[in-house]
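J.: requesting a structural model of the entry that follows:
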Amino acid sequence: MKKTVLITGGNSGIGLCAVQGFLSHGWKVIATVRSPEKKNSLETSCEGNKDLQVEICHLQEPDSIAQLFSKPLEFEVLINNAGMYAQTHLLSATAEDFNEMFQVNTMAPFLLSKHAIEVFRANKTSGLLLHVSSTLGSKPAPNTSLYSASKAALLSLSKSIAMEFAPDIRSICVNPGVVKTPIHEKVMGKENAAEFQAEISKMHPLGRIGTPQEVAGLLHRLCGEEFNWVTGTEIVIDGGISLTC
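T.: Below is the predicted model of the structure:
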């Protein structure tokens, strides 16, 4: 019987690669996106794969998350992948900036994890929660105060879940470093993003930034039986930049 994974933010970057990767390995995938346009785009990119179910969910709205789980869902793995990034100077950041960042990066994973645990328990199955955090959650950089703090909270939440719901439910954080995704162009613009990626590549011991496929591949591997004894930990995938910065 095919296993099923629920992946948030499945329309671009790491999320899109995860959706495509799990499908290629024979999994059923439930993916969330933010709009009908993104739903159509994801379905088109996966060529109408019958093992893909795309749901529209606004992760900054608790009611939308509750609505997602109002219909029967069965899955063995939740991947909290969706998130937002913004460069913020602490003194110029507002309460609204704080609330928005934490709503998407921390509150949404909390609510999704809670619902997922209820699904696992209702189905009397074990389950795995994978959270895409960031190396910035452990080692912040200038002008990332809110983002780093929200990811640090996610790291702590993951460990709390691992402690509280073992042995039936496991929880793991995957902490990517700098990965070539559309987020950089969205925040910095195309030209600045290319310059940033080129400069920061030189700071990595491995000489380059990561790819979404590499992170998505790790997420898939962690769902394998050979990792059944892993929970409550942080797995870093960053090209070694944590050693130098």
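
J.: can you pull up the most central residue in this protein?
T.: Taking C-alpha atoms, centre = their mean, the centroid of the chain lies closest to Asn81, which sits 1.5 Å from it.

J.: check it and give its pLDDT.
T.: Listed pLDDT for Asn81 reads 98.

J.: now do His220
T.: Looking at His220, the pLDDT reads 98.

J.: quick one, what contacts the residue nearest to it when sequence neighbours are not counted?
T.: Nearest residue to His220 in three dimensions, chain neighbours excluded: Gly21, at 5.3 Å (C-beta to C-beta, 6 or more residues apart in numbering). Quick note: C-beta positions are derived from backbone N, CA and C, even for glycine. Gly21 makes contacts with Gln213, Ala216, Gly217, Leu219, His220, as judged by C-beta atoms under 8 Å, 6 or more residues apart in numbering.

J.: which SSE is Gly21 in?
T.: Per DSSP states H and E, Gly21 falls inside helix 13-24.

J.: so what touches the next helix or strand along the chain from that helix?
T.: The helix or strand immediately downstream of helix 13-24 is strand 28-33, counting by DSSP H and E. Here strand 28-33 makes contact (C-beta under 8 Å, 6+ apart) with 2-11, 15, 19, 22-23, 39, 42, 51-57, 59, 68, 73, 75, 82.

J.: quick one, helices of this protein?
T.: 13-24, 36-45, 62-68, 95-102, 108-122, 145-165, 183-188, 190-201, 212-221 (DSSP state H).

J.: pull up the gap between Gly177 and Ala66, please.
T.: 34 Å (C-beta to C-beta, to the nearest Å).

J.: of those two, who's got more company?
T.: Gly177 (22 against 12; other C-beta atoms under 10 Å).

J.: that one reaches Gly210, doesn't it?
T.: Yes - applying C-beta atoms under 8 Å, one finds Gly177 in contact with Gly210, separated by 6.3 Å.

J.: now, of the contacts of strand 28-33, which are buried?
T.: By neighbour count, with 16 or more other C-beta atoms under 10 Å, the contacts of strand 28-33 hold 4-11, 15, 19, 22-23, 39, 42, 52-55, 57, 59, 68, 73, 75, 82 as buried.

J.: follow-up on the earlier one: buried among the contacts of Gly21? Make that a PyMOL selection.
T.: Buried members of these, defined by 16+ other C-beta under 10 Å, are picked up in PyMOL with:
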select buried, resi 213+216+219+220
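
J.: the helix holding Gly21 - what's its average pLDDT?
T.: Helix 13-24 comes out at a mean pLDDT of 97.

J.: angle of that helix against helix 212-221?
T.: Put simply, helix 13-24 runs at 50 degrees to helix 212-221, going by axes from the mean of the first three to the mean of the last three C-alpha atoms, to 10 degrees.

J.: quick one: strands adjacent to the longest strand belonging to the chain?
T.: Assignment by DSSP state E gives strand 169-176 as the longest strand of the chain. On the basis of DSSP bridges, the sheet neighbours of strand 169-176 come out as strand 127-132 (parallel), strand 234-237 (parallel).

J.: what would the ones you listed look like in CSV with distance to Phe110?
T.: Output for the strands paired with strand 169-176, formatted as CSV (distance: least, C-beta to C-beta, whole Å):
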stretch, distance to Phe110
strand 127-132, 10
strand 234-237, 17
